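**Q** my questions concern the predicted model and sequence given below.
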Amino acid sequence: MTAGPAGNAAPTALPGTRLALEIAVTGPAGARVARAAGADRVELCSALELGGVTPSAALVEAASAVGLPVQVLVRCRPGDFVYDADEIALMVAEVRSVIASGARGVVIGALTPAGALDLDAMRLLVDAARGAAATVAHPVETTLHRAVDHATDPVATAALLPSLGLTRVLTSGGAAVAAAGAAVIAAMAAAAPGVQVMAGGGVRPGDIARLAATGAAAVHLSAKRPVRTARAGTGVPLGSADSSDGADTRFVTDPDTVAAARAEVDAVRR
C-alpha cells in the first residue's frame, strides 16, 4: 500500500494488471512522436490550448494511419459541458463520423446545469458509438472526459458509469492537477467497478507512481512543449489566443516527456 493524502492508504491495482500510457495529441506528427516514445494509445483533439474540441474527419484519418489506437475527443465547442439539443445532435453525428474515419474510441461527456451527469445526452452519445461500432471491423471504446471534474460530485458521477456501459473515465479527481486529486481518483476507482479510471490533468512523469497507487488503470499526459516562431505581417491578433507581438506560440508533443513517462509506467510494479 502507498500512503495517500493526509496519511490515508491508497489502494494498489490488482496484481498482473498493466498501467497504460495515453498521450494527448493534435495531429499525426504528435501521434508519431507518441508511438516512437512508447505510448499505448493517443487521444486526438483540435485546439488543445482551449481544452480540446472535435478534430476533423481528415485529421482522424491521418492520425489513425500512424498505427496507434486513436481515442477521439468529441466536444463541439470550448466552455462548459452543458449542451442544448442542437449541440447534442451535432456531437452524436460527430461520434459516428470519427468512428467511420478510424477512431478506436470516443471521448464524450455532458452535464446538467446542476452539475450532474446528463444521462439522456450520455445515452444518445453511447448509443451512437455502439451503432457506429457495428459498421467497422474493430471494437469501439467510450470514455467520459473531464466533464466529470466539473461535476458536483465526481465520485457519485463515476458510480453511474457501469450502468451506462462506458469503458473508462478521464479525471483529475476534481482537482486542478491529478496529483492533488489522488484520494478522489482512488474513490472513483472503487465506486466504478469494471470501468477503467485514467488519471489525467497536469500529470508529470514524476507523478505516475503515486497515481498508479490509486488503482488507476492508465495515466494521460499532454506531454507538450511550446514552440515559438516568428510571424510575418503586422502582428494583428486573429483571436483571443493569438499574440499581438508578431509571434505565434504553438504546442508540439515532446518525445523526451513521453519517454520519461514510459519509463515511469514501466517501473510501476502491479
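**A** Structure's in. What do you need? Residues are numbered from 1 along each chain as shown.
**Q** drop to CA atoms for contacts and neighbour counts, all remaining ones
**A** Noted.
**Q** so where's the protein uncertain?
**A** Along the chain, segments meeting pLDDT under 70 span 1-17, 230-247, 270.
**Q** where along it do the strands fall?
**A** Under the criterion DSSP state E, the chain contains strands at 2-3, 9-10, 20-25, 41-44, 70-73, 105-108, 141-144, 168-171, 196-200, 218-221, 224-230, 247-253.
**Q** and the closest residue to residue 58 other than its chain neighbours, how far from residue 254?
**A** Nearest non-adjacent residue to residue 58, counting by C-alpha to C-alpha, 6 or more residues apart in numbering: residue 101, 7.5 Å away. As judged by C-alpha to C-alpha, to the nearest Å, residue 101 and residue 254 stand 26 Å apart.
**Q** repeat for residue 39
**A** For residue 39, the distance to residue 254 - C-alpha to C-alpha - is 12 Å.
**Q** comparing the two, which residue is more hemmed in?
**A** Shown here are residue 39 and residue 254; by other C-alpha atoms under 10 Å, residue 39 has more neighbours (23 against 17).
**Q** hang on, the earlier thing: between residue 39 and residue 254, which contacts overlap?
**A** Residues touching both residue 39 and residue 254 (C-alpha atoms under 8 Å, 6 or more residues apart in numbering): there are none.
**Q** residue 176 is in contact with residue 200, isn't it?
**A** No: the pair residue 176 / residue 200 is not scored as a contact, 10.1 Å apart, by C-alpha atoms under 8 Å.
**Q** looking at the two, which is more packed in?
**A** Set residue 176 next to residue 200 and count neighbours by other C-alpha under 10 Å: residue 200 wins out with 28 against 12.
**Q** show the contacting residues for the closest residue in space to the more buried one that isn't next to it in sequence.
**A** Excluding the flanking residues, the one nearest residue 200 by C-alpha to C-alpha, 6+ apart is residue 220, at 4.6 Å. Taking C-alpha under 8 Å, 6+ apart, we find residue 220 in contact with 21-24, 170, 198-201, 203.
**Q** who wins for neighbours among these?
**A** Within the contacts of residue 220, most neighbours by other C-alpha under 10 Å means residue 199, with 32 neighbours.
**Q** ok, now which ones touch that one?
**A** Here residue 199 is in contact with 170-173, 178, 185, 211, 216, 218-220 (C-alpha under 8 Å, 6+ apart).
**Q** rerun that using 7 Å as the cut-off
**A** With contact set as C-alpha atoms under 7 Å, 6 or more residues apart in numbering, residue 199 has these partners: 170-172, 178, 211, 216, 218-220.
**Q** could you export the residues you listed as JSON lines, including distance to residue 28?
**A** Listed next are the contacts of residue 199 as JSON lines, based on distance: C-alpha to C-alpha, whole Å:
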{"residue": "170", "distance to residue 28": "22"}
{"residue": "171", "distance to residue 28": "25"}
{"residue": "172", "distance to residue 28": "26"}
{"residue": "178", "distance to residue 28": "26"}
{"residue": "211", "distance to residue 28": "28"}
{"residue": "216", "distance to residue 28": "27"}
{"residue": "218", "distance to residue 28": "22"}
{"residue": "219", "distance to residue 28": "21"}
{"residue": "220", "distance to residue 28": "18"}
